[in-house]
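Engineer: Fold the following and give me the result.
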Amino acid sequence: MKLSHFLGALVIGLTASAVANASAIITNVTADNPSAISGVTIDEDGNVSLTKTFSNTTPITLIFTVSHTTGGGNKFSFNENIINNSGVAWTDFHFQIIEPAEVSGNGVVFTSFQQSELTDFDLLGPSQTIPGFPKSGPRSLNFIADPALPNGGSTDASFDISPFDPGNGCNGNVRTPAPTPCSYTFQLVQTPTFGNNPPVDVPEPASMTILGAGLLGLSRLARRRRA
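Structural biologist: Numbering: from 1, shown residues only. Now for the predicted structure:
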């Protein structure tokens, strides 16, 4: 093999290796109510554990900072002890990922969201939801408890999160050329709910089509009768 061919193959191989090893890493977790969280631990692989206490039923938002690194992967485990000091029993609990608005075309998701767990709660599938919340999926989780989680009780959340890699080549905190950030934040909103708030079925697209066709047929029939 010619030296020039060998060097070219070596450069391509090193480039491919660097791309393959590029990944995201969670570097910090804070909250909109800092006093609500404690014991925040982020291990060297970016896995997160913490304790969160609700003194009322106001949602608590966690803010995750994600940076670029090499090696590892883009899936991180999240383990959380949630304490109910809100004064009421919880019948439902909801997690929702809010992605960074300044970075479009990428995604932060619950990895294999069907495997997410909340002790003594059941995860609703995509065919049902709680009014006022998106159905369970890659960016939303809806849990119901029966019996309700009493005031003074606690539960443990466990799931995986996959943030996207913000990339390398930073100039300060901004990639060159701007405005794509070299690090970014996303939010995880957590909301307990209580009272008689039963889940409702989410219509399948085919069912909506059939319903729409039926309503259209009834409308045409009514017009014919009036004519």
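
Engineer: From now on I want contacts and neighbour counts done on CA atoms only, so please keep to that.
Structural biologist: Noted.

Engineer: Which residues does the residue nearest to Ser140 when sequence neighbours are not counted form beta bridges with?
Structural biologist: Spatial nearest neighbour of Ser140, chain neighbours left out: Gln96 (4.5 Å); criterion: CA to CA, 6 or more residues apart in numbering. Per DSSP bridges, the residues bridged to Gln96 are Ser140, Val189.

Engineer: okay but Gln96 is in contact with Gly137, surely?
Structural biologist: No - between Gln96 and Gly137 there is no contact, the gap being 9.6 Å when judged by CA atoms under 8 Å.

Engineer: ok, the two, which is more surrounded?
Structural biologist: Per other CA atoms under 10 Å, whichever of Gln96 and Gly137 has more neighbours is Gln96, with 22 against 18.

Engineer: okay, that one: pLDDT?
Structural biologist: pLDDT for Gln96: 97.

Engineer: Check Pro150 too.
Structural biologist: 97.

Engineer: please renumber so the chain begins at 52
Structural biologist: With the count now opening at 52, the last piece we talked about shows up as Pro201.

Engineer: how many neighbours does the closest residue to it other than its chain neighbours have?
Structural biologist: Spatial nearest neighbour of Pro201, chain neighbours left out: Ala140 (4.2 Å); criterion: CA to CA, 6+ apart. Using other CA under 10 Å, Ala140 has 21 neighbouring residues.

Engineer: list the contacts for Ala140?
Structural biologist: Residues in contact with Ala140 (CA atoms under 8 Å, 6 or more residues apart in numbering) are Ala199, Leu200, Pro201, Asn202, Phe245.

Engineer: rerun at 6 Å
Structural biologist: Applying CA atoms under 6 Å, 6 or more residues apart in numbering to Ala140 gives the contacts Ala199, Leu200, Pro201, Asn202.

Engineer: List of residues touching the helix or strand where the first one lies?
Structural biologist: In this structure, Ala199 sits in strand 191-200 according to DSSP states H and E. The contact list for strand 191-200 (CA under 6 Å, 6+ apart) reads 140-147, 172-175, 187.

Engineer: Counting neighbours, which bits of that strand end up buried?
Structural biologist: Ser191, Leu192, Asn193, Phe194, Ile195, Ala196, Ala199, Leu200 (16 or more other CA atoms under 10 Å).

Engineer: can you redo these as CSV with distance to Tyr235?
Structural biologist: Shown next, in CSV, are those (distance: CA to CA, whole Å):
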residue, distance to Tyr235
Ser191, 20
Leu192, 23
Asn193, 26
Phe194, 28
Ile195, 32
Ala196, 34
Ala199, 36
Leu200, 34
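
Engineer: circling back: in strands, which of the contacts of strand 191-200 appear?
Structural biologist: Trp141, Thr142, Asp143, Phe144, His145, Phe146, Gln147, Phe172, Asp173, Leu174 (DSSP state E).
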